[in-house]
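>>> Sequence and predicted structure, then a few things I'm wondering about:
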Amino acid sequence: MAAEEISKPPSLPPYPEMIWSAIAALNETGGSNKTSIAKYIESKYGDLLAGNTALLSHHLNRMTDTGELVFCKNNYMKPDPNAPPKRGRGRPPKPKDPIAPAADLPPARPRGRPPKDPNAPPKPPKATAAGTGRPRGRPRKMARPARGITGTPTATTAVPMTAGSGRPRGRPPKVKAAVMTEVSVQN
């Protein structure tokens, strides 16, 4: 048991305390950067854990997020007690007004569409489409009149297109040019 206690490394203070002591001891005017803080901690506390740099980075970031340290120009320093509080980016939030007591507020409505009243009289049907005599919706597509070879229309009345009409859907195939059978010979 005595051998286990001897091989055990001496207990280190928490990282925030080591960081505070390093910044106070270095006492640089523009603050101390991460490498100088790490070198000071290694020199004072000797051999540290294998993940010392990761732990140091984590605690420095956490201390800057909570406001214990200020990060400026790649240096960490103690915050100025007379400095105004740091504001985040973007538009500042609106000041909150004191809310009136709950007795003045009306009861909250339930979500969704309200249920139909079973005692209400039935509504009359809409007379917009029924009175005109035209069917509802989009009118049917009418076929173009077919043209013959000469270009004269063969059908004068428009016939509604049906699913089985002669023309297929989509772009028509390319028309191949007629092959010339005569060969012109020049003398």
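On my side now, so go ahead.

>>> Quick one: list the elements packing against the longest helix seen in the chain.
Assignment by DSSP state H gives helix 52-66 as the longest helix of the chain. Packed against helix 52-66 by the contact rule (3 or more C-beta pairs under 8 Å, 6 or more residues apart in numbering; DSSP states H and E) you find helix 15-26, helix 34-45, strand 70-72, strand 75-77. For every residue, glycine as well, the C-beta is placed using N, CA and C.

>>> Give me the residues contacting the last one.
Residues outside strand 75-77 that contact it (C-beta atoms under 8 Å, 6 or more residues apart in numbering) are 19, 23, 28, 30-34, 37, 60, 63-64, 69-70.

>>> switch to 7 Å and redo it
Contacts with strand 75-77, where a contact means C-beta atoms under 7 Å, 6 or more residues apart in numbering, come from 23, 30, 31, 32, 33, 37, 60, 69, 70.

>>> Any quick PyMOL command for the buried ones out of those residues?
Provided next is the PyMOL selection string for whichever of these are buried by 16 or more other C-beta atoms under 10 Å:
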select buried, resi 23+31+32+37+60+69+70
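
>>> and the contacts of strand 75-77 as TSV, adding pLDDT and distance to residue 80?
Shown next, in TSV, are those (pLDDT from 0 to 100; distance: C-beta to C-beta, whole Å):
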residue	pLDDT	distance to residue 80
23	89	14
30	86	13
31	88	11
32	90	16
33	90	19
37	91	19
60	92	18
69	88	12
70	87	8
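
>>> So of the contacts of strand 75-77, which two are at opposite extremes in space?
30 and 60 (16.0 Å; C-beta to C-beta).

>>> Can you list the low-confidence ranges for the chain?
By pLDDT under 70, the weakly predicted segments of the chain are 1-10, 85-86, 99-105, 126-131, 145-165, 178-187.

>>> If we use 50, what do you get?
Applying pLDDT under 50 to the chain picks out residues 1-8, 154-158.

>>> Nearest the middle, which residue of it would you pick?
Closest to where the C-alpha atoms of the chain average out (C-alpha atoms, centre = their mean) is residue 90, at 17.5 Å.

>>> Residue 167: what secondary structure?
Of the three states, residue 167 takes coil according to DSSP: H, G, I helix; E, B strand; the rest coil.

>>> Now it: phi and psi?
Per-residue torsions, residue 167: phi -90, psi 130 (degrees, to the nearest 10).
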